[in-house]
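# sharing a model prediction with you, sequence too.
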Amino acid sequence: MTTQMTEQEINGQETPGFDPIGAARDRAWVAIGEMAKGDLALKRPSVGKGVKVIGGRKHKGKTGVVFWHGIDQHAQPFRYGSDMQHVMRQARGRNFYRCGIKTESGEKFFLPAEHVRVNGVDYSDEN
């Protein structure tokens, strides 16, 4: 059974039968949706984007274009955690994901997606 939230509940104003935890959860889902459409979408290393390798041991410093992006077959990203954590992992597309990169010279290699940064995107807000 799903219930529609009123604008008063979304804004946190008390009403009879008001569920503050449910309202907070719904606000969190809305915020995640907005992040997934905005900043996170820019940082997601999806197919066709130019990237630079910033981690790992063999390909560090190389640049190229992503030709494949998907879930690491050896990881289990959705085994543990809440629904919200799963959505965040999918929106970010970095932890538990891998990228296939093709360089200008034609070399192709695969590596964890957390080792790449999309060209032209500011990452100063990350640790």
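Yes, it's here.
# and the contacts of the strand or helix carrying Phe109?
Phe109 belongs to strand 108-112 when assigned by DSSP states H and E. Here strand 108-112 makes contact (CB atoms under 8 Å, 6 or more residues apart in numbering) with 53, 55-56, 58-59, 67-68, 72, 97-102. All C-beta atoms are positioned from the backbone trio N, CA, C, and that covers glycine.
# rerun at 10 Å
Strand 108-112 is contacted from outside by 53, 55-60, 62, 64, 67-68, 70, 72, 75, 94-103, using CB atoms under 10 Å, 6 or more residues apart in numbering.
# again, but for stretch 51-70
If you take CB under 10 Å, 6+ apart as the criterion, stretch 51-70 is touched by 44-50, 93-94, 97-119, 121, 123.
# swap in 8 Å and give it another go.
Contact partners of stretch 51-70, identified using CB under 8 Å, 6+ apart, comprise 44-50, 93, 97-104, 107-119.
# pull out the buried members of those.
In those, burial by neighbour count holds for 44-45, 49, 93, 97-101, 111-118, counting by 16 or more other CB atoms under 10 Å.
# just the mean pLDDT for stretch 112-125, thanks.
Per-residue pLDDT over stretch 112-125 has a mean of 84.
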